[in-house]
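Visitor: Just the structure for this:
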Amino acid sequence: MEFLAFPKMPCLGASDAPTWVALEKIHGAQLVIGVDAAGVRFGKRKEWLRDEDPFFGWQLLRASLRDAARAAFAAVGAERLVLYGELFGGGYPHPDVPAGGVIPVQTGVWYAPDLRWALFELRAVGGGEDAFLAFSEAAPVAAAAGLMMPPLLARGRKAEIAALPERFPSRVASALGLPPLGPANLAEGLVAKPDVRMPAGAYMALKRKIAEMREDRFDESAPWDPERPVDLPALIRWGERLANGPRLASAASKVGRHDRAAVDAEAALDVLVDLEAAFPGAMRALSREDGEALERAVRAAVAAHPL
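Guide: Coordinates of the predicted model:
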């Protein structure tokens, strides 16, 4: 089965749908499930997992998720179904909640004492179509299969969704029936997207994180000009600033902490992607030699941080 990676956000496809939805963004590690008539496979963000691969104890959920994925596959009726979701949990510091016996997948937000998985997108492939289902299509499929989805924050016009604050207490624990930790247990942010079926090549979604959970904050003292000239030393300084502890923690949540080289590669790639998004003109203008020098500097900065 071919591995189909999830598009990296922001994804700027068509955005003129009449109805949009906002979902809580769950901070965790992406776990992908692929289903077709031949069977079920599990993967992380970029590749399939082998049965023995260490990845936050995903094997603890394998049997139940396999059954749920098959149920969703049967309900959708596509030749192949890809379920993109977030592996999360492993820690919940409440006196009335026993420890779950696993290490936390994420830090900064507390969701559950045990390991959990939440579906955030369904992708149907076959019959000439490769598309992400609308939230209003995916939600009943998930519910019937016994799969959790991130809490729905709001549904409305694009302008109404854009006006929502990204700072709010996480609703995940409440959805799981756990006692609250209080207003300080803030959500990572939200994801906004049109509530329509979208071709995979024109997927549209936007994420907004609270400041504490963002690794890509740039100089906010002046309006941002993405085409402004930026020399190589300045790009290197930005890259070194972005190669920080939260960046490594985010990378580790995606690839696991067992392989430092993989964590460093993931973190460096994310830094370079963010630099390209923030300074498209300057990045395009780099010579091959300067581009390689920037990449070396970013990789060195990432490697210098403790994990």
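
Visitor: Pro233: how many residues sit nearby?
Guide: Pro233 is flanked by 11 other residues according to other CB atoms under 10 Å. Bear in mind the C-beta positions are built from the backbone N, C-alpha and C, glycine included.

Visitor: Tell me which stretches of the protein form strands.
Guide: Along the chain, counting by DSSP state E, strands occupy 20-24, 29-36, 39-43, 80-91, 112-126, 129-132, 152-156, 189-194, 198-199, 206-209.

Visitor: contacts for the second one?
Guide: Which is strand 29-36. Contact with strand 29-36 is made by 1, 3-4, 6, 40-45, 48, 55-56, 58, 65-66, 69-70, 72-73, 79-88, 105-106, 117, 253-256, as judged by CB atoms under 8 Å, 6 or more residues apart in numbering.

Visitor: returning to that earlier point: wait, which of the strands of the chain is closest to Ala267?
Guide: For Ala267, the closest of the strands of the chain is strand 29-36, at 14.0 Å, according to CB to CB.

Visitor: Note down every partner strand of that closest one and its orientation.
Guide: strand 39-43 (antiparallel), strand 80-91 (antiparallel) (DSSP bridges).

Visitor: I'd like the distance from it to the chain centre, please.
Guide: Its chain's average C-alpha position is 13 Å from that of strand 29-36, according to CA atoms, centre = their mean, to the nearest Å.

Visitor: Could you shift the numbering so residue one becomes 762, and keep it that way?
Guide: Understood, numbering begins at 762; the last thing we discussed is strand 790-797.

Visitor: now it: mean pLDDT?
Guide: Per-region confidence: strand 790-797 scores 96 on mean pLDDT.

Visitor: got the angle between that strand and strand 873-887?
Guide: In terms of direction (axes from the mean of the first three to the mean of the last three CA atoms, to 10 degrees), strand 790-797 departs from strand 873-887 by 40 degrees.

Visitor: Put the alpha carbons of strand 790-797 into PDB.
Guide: Written as PDB, here are the backbone C-alpha positions of strand 790-797 (Å, rounded to 0.1, in the frame of the first residue of the first chain):
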ATOM      1  CA  ALA A 790       2.200  12.600  17.500                       C
ATOM      2  CA  GLN A 791       0.600  11.900  14.100                       C
ATOM      3  CA  LEU A 792      -0.400   8.200  13.600                       C
ATOM      4  CA  VAL A 793      -1.700   7.300  10.200                       C
ATOM      5  CA  ILE A 794      -3.900   4.300   9.400                       C
ATOM      6  CA  GLY A 795      -4.300   3.000   5.800                       C
ATOM      7  CA  VAL A 796      -7.100   0.500   4.900                       C
ATOM      8  CA  ASP A 797      -7.900  -1.300   1.800                       C
END
